[in-house]
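1. With the input below, show me the fold.
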Amino acid sequence: MFGTWFRLYGFFNRLRDWERRRFTRPGLGVLGGLIVATAMAPDTDNNVAYQAVALLMFMLLTGVLFSFVFRGKFNLERVMPRFGTVGAPLQYRVNLRNLSVKPERGLAVLEELEDQRPSYREWTALQKVERKSMRSFRIGQGSRVNPFKVATIKEAPVPPAAPGEETEVQLELTPHRRGVLQFKGLVVARADPLGLFRAFRRIPLPQTLLVLPKRYPLPPIALPGTMKYQEGGVALASNVGQSEEFVALRDYRHGDPLRHIHWRSWAKTGKPVVKEFEDEFFVRHALVLDTFTEDPYSEIFEEAVSVAASFACTIPSQESLLDLLFVGTETYCFTAGRGLAHADQMLEILAGVRASLDHGFERLEHLVLNHVSAVSGVICVLLAWDESRQELVRKLKALDTPLLVLVLADPKTAMGIQAGPMSDQPDRFHVIEVSKVEVGLRNLR
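-> Here you go, the predicted model:
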């Protein structure tokens, strides 16, 4: 059953895309009129719609036939940044050179993306979640708006181009989904003399754009935790840790970093001498992202990733380190801060985060508890507030770990969520409605 619906979904999706790109707005109007006239044509006694069928059909066939005589030659170059952001319009340019021997007018440039429709497994998983939600009347998984629509790209008209002339065209792209956006090529389109149907000249031009998660501004936040001893901190902390330049000199031992060599002492003694540092203390936070959900395309999950991205952009600028912990196909821990990875690299990682469908929440709990001894505090971004997530918070509190807990929820679920194990620290527990994330983060202190 699912297989038949999936094939129909793919067929009508491709048909709709072809129709929208090939027909102009007047052409779609003529096509709609032809369909209506054809439906009414059999009743020849009460209307004359059959006469309109021949006229409208002739107009459309003329437009289609003219598309075969478009022989323009072009060279195109796309110039665009490396990154985009979900929901943020991105403008970039395309340089078009007319290689034909005659001027070209009435042209437009369109993008052609790689086919990024869902796989059968993704489509089936989404249908099962929606059916389950309908049977139980659940709203808690969050809403969605066509999770498989990757981007909206506005076509751009091209000014008249003389033979050999190069023209610059501005295109605008609005990404709707995180991850890698794959471009297949560019299309130069020209409408027929009646302005109904467009002829295409395709120019292969593969390229990729990494779409980063949406981010929200964060107010100044007193993050949990203070400076903490880090074993082997000199190499890790780089410029973050606090210590004197060195406390002693000693003979070089195999494995000592070359940057710790004291060159003056080596020159005097004739043998390598290194500087010995005292222990390092610095602030290091763990950002825990909950990826466990039945619906990998829900708005709640996407907003949770955006919240994590907002912290990832903010914390490394506060003279501290940030460890991003989450579970995907396996467990992951990435560290950013001065002297290590930059916030941009963590955003690239978050751009590719997917829901964990093959593991249980206990895997994230195990990862966090094994890592907690190295951090000053933990920030939890959770998709629910069930018993397993509350149990993780209880265990962290039992270890005297400073916490900041953020729970994403839809409006109806949010009203019934109680602080539970965080009731003694209400200022460190926040329920954020998925439709008011920016407002919820603005109220953090």
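
2. The lengthiest strand in the chain - what's its average pLDDT?
-> Longest strand in the chain by number of residues (criterion: DSSP state E): strand 198-212. Strand 198-212 shows a mean pLDDT of 94.

3. quick one: buried residues of that strand?
-> Within strand 198-212, the residues scored as buried using 16 or more other CB atoms under 10 Å are 198-199, 201, 203, 209-212. Placement of C-beta: from N, CA and C, glycine included.

4. to the chain's geometric centre, what's the distance from stretch 266-274?
-> A distance of 53 Å separates the centroid of the chain from that of stretch 266-274, by CA atoms, centre = their mean, to the nearest Å.

5. what ranges of this structure fall below the confidence cut-off?
-> 1-3, 117-123, 125-148, 224-247, 276-282, 315-319, 338-341 (pLDDT under 70).

6. Show me which helix runs longest in it.
-> helix 2-22 (DSSP state H).

7. For that helix, could you pull out the residues that count as buried?
-> The neighbour-count check on helix 2-22 (16+ other CB under 10 Å) flags 6, 22 as buried.

8. Just name whatever secondary elements the helix or strand that that helix is followed by is in contact with.
-> Using DSSP states H and E, the helix or strand that follows helix 2-22 in sequence is helix 25-40. Helix 25-40 sits against helix 49-66, with contacts defined as 3 or more CB pairs under 8 Å, 6 or more residues apart in numbering; DSSP states H and E.

9. what sits up against the helix or strand just after the helix it packs on?
-> As assigned by DSSP H and E, the chain's next helix or strand after helix 49-66 is strand 74-79. For strand 74-79, contacts defined as CB atoms under 8 Å, 6 or more residues apart in numbering pick out 92-100, 109, 183, 186, 188, 201, 203, 205, 207.

10. Ala304: helix or strand, and which one exactly?
-> Here Ala304 sits within helix 299-314, counting by DSSP H and E.

11. Can you list the strands that the following helix or strand past that helix pairs with?
-> Later in the chain than helix 299-314, the nearest helix or strand by DSSP H and E is strand 321-327. With DSSP bridges as the test, strand 321-327 is paired with strand 284-289 (parallel), strand 331-336 (antiparallel).

12. how far is strand 321-327 from where the chain is centred?
-> So, by CA atoms, centre = their mean, the centroid of strand 321-327 is 18 Å from its chain's centroid.

13. That strand versus helix 299-314: what angle between them?
-> Taking axes from the mean of the first three to the mean of the last three CA atoms, to 10 degrees, one finds that strand 321-327 is oriented at 160 degrees with respect to helix 299-314.

14. And this protein, split by domain according to the record?
-> The chain is divided into the following domains under automatic domain parsing: 2-212, 281-442.

15. Select, out of the ones you listed, the one closest to Trp266.
-> domain 281-442 (25.5 Å; CB to CB).

16. Quick one: distance of that closest one to the chain centre.
-> 17 Å.

17. among the domains of the chain, which is the most enclosed?
-> Stretch with highest mean neighbour count among the domains of the chain: domain 281-442 (a mean of 19; mean count of other CB atoms under 10 Å).

18. ok, so what distance separates Gly440 from Pro296?
-> Separation of Gly440 from Pro296 (CB to CB, to the nearest Å): 23 Å.

19. Surely Pro42 is in a strand?
-> No: looking at Pro42 with DSSP: H, G, I helix; E, B strand; the rest coil, it is coil, so not inside a strand.

20. for it, phi and psi?
-> With angles defined as degrees, to the nearest 10, Pro42 sits at phi -60, psi -30.

21. Might you report the residue contacts of it?
-> If you count contacts by CB under 8 Å, 6+ apart, Pro42 has none.

22. In CSV, list the strands paired with strand 321-327 along with distance to Pro81.
-> CSV is the format used below for the strands paired with strand 321-327 (distance: least, CB to CB, whole Å):
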stretch, distance to Pro81
strand 284-289, 26
strand 331-336, 21
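
23. Can you tell me how far the residue located most distally from the centre of the chain is from Asp251?
-> The outermost residue of the chain, judged against the average C-alpha position, is Asp45 (58.5 Å), by CA atoms, centre = their mean. Using CB to CB, Asp45 is found at 110 Å from Asp251.

24. One more: Met80?
-> In this view, Met80 and Asp251 are 55 Å apart by CB to CB.

25. Strands along the stretch 101-250 of the chain, start to end?
-> 107-113, 151-154, 156-158, 166-175, 179-191, 198-212, 228-230, 248-251 (DSSP state E, counting those that start in this stretch).

26. Report the inter-axis angle for the fifth one versus strand 107-113.
-> Just to be clear, that refers to strand 179-191. Going by the same axes, to 10 degrees, strand 179-191 makes 150 degrees with strand 107-113.

27. any idea how far strand 179-191 is from the chain center?
-> 20 Å.

28. Export only the CA atoms of it, formatted as PDB.
-> What follows is strand 179-191, C-alpha atoms only, in PDB (Å, rounded to 0.1, in the frame of the first residue of the first chain):
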ATOM      1  CA  GLY A 179      22.300  20.200   5.300                       C
ATOM      2  CA  VAL A 180      24.000  20.200   2.000                       C
ATOM      3  CA  LEU A 181      22.000  21.800  -0.900                       C
ATOM      4  CA  GLN A 182      23.200  20.300  -4.200                       C
ATOM      5  CA  PHE A 183      22.900  22.300  -7.400                       C
ATOM      6  CA  LYS A 184      22.700  20.300 -10.600                       C
ATOM      7  CA  GLY A 185      23.000  23.200 -13.100                       C
ATOM      8  CA  LEU A 186      21.500  26.300 -14.500                       C
ATOM      9  CA  VAL A 187      18.700  26.700 -17.000                       C
ATOM     10  CA  VAL A 188      18.300  29.600 -19.500                       C
ATOM     11  CA  ALA A 189      14.600  29.900 -20.400                       C
ATOM     12  CA  ARG A 190      12.800  31.800 -23.100                       C
ATOM     13  CA  ALA A 191       9.100  32.100 -23.700                       C
END
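
29. who does it pair up with?
-> Applying DSSP bridges, strand 179-191 is found paired with strand 107-113 (antiparallel), strand 198-212 (antiparallel).

30. Since that was my last question, I'll sign off now.
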